[in-house]
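Student: Kindly return the folded structure for what I paste below:
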Amino acid sequence: MDTLRIATRAILLSLLGLLSACQATGPAAVDSILGYLEATIEGDLEGAVGLSCAAWEAEARVEADSFNAVIARLEGVTCSGTEGGGDRQVVSCSGKIVANYGEEVLEIDLSKRIFVTAFEDGQWKMCGYQ
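Tutor: Next up is the predicted model:
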């Protein structure tokens, strides 16, 4: 009976740990996307790559490099985690990126992009768009 009680407690503790980990992933995935967006608009190649999964690193370089020669800012950006499972989390954002190319202003509506994050190397990282 003691073995059964110990096993039951171990299972319950494991389930509680999983539930609290699930709750923690939403904000962590959101934070990684916000950090990725900041690094990208600043043209910070190392920052963007550091917040990207291995499969997205080349794209992160391209995206961050594209903002290197412009003045850009995030405007009204808020993000939230949506349904995802396991080592993937989907994040949606509102707001926009405003980039000034000399006389031209480009606005990128972030609500039209669904971000996919992956849990890699112990943290949530940007891993593309859905």
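
Student: And stretch 36-48, how far out from the chain middle?
Tutor: 13 Å (CA atoms, centre = their mean, to the nearest Å).

Student: And the contacts of it?
Tutor: Under the contact criterion CB atoms under 8 Å, 6 or more residues apart in numbering, stretch 36-48 has outside partners 35, 50-52, 60-61, 63-65, 67-69, 72-74, 77, 93, 97, 99, 110, 115, 125-126. (Each C-beta comes from the backbone N, C-alpha and C, glycine too.)

Student: Can you flag the buried ones in those residues?
Tutor: Restricting these to buried positions leaves 35, 50-52, 60, 63-64, 67, 72, 74, 77, 93, 97, 99, 110, 115, 125-126, with burial counted as 16 or more other CB atoms under 10 Å.

Student: Which of those residues fall in strands?
Tutor: Ala72, Leu74, Val77, Cys93, Ile97, Ala99, Phe115, Lys125, Met126 (DSSP state E).

Student: Contact partners for the residue most central in space within the chain?
Tutor: Against the mean C-alpha coordinate of the chain, by CA atoms, centre = their mean, the closest residue is Ile33 at 3.1 Å. Contacts for Ile33 (CB under 8 Å, 6+ apart) come out as Cys79, Val91, Cys93, Phe115, Thr117, Met126.
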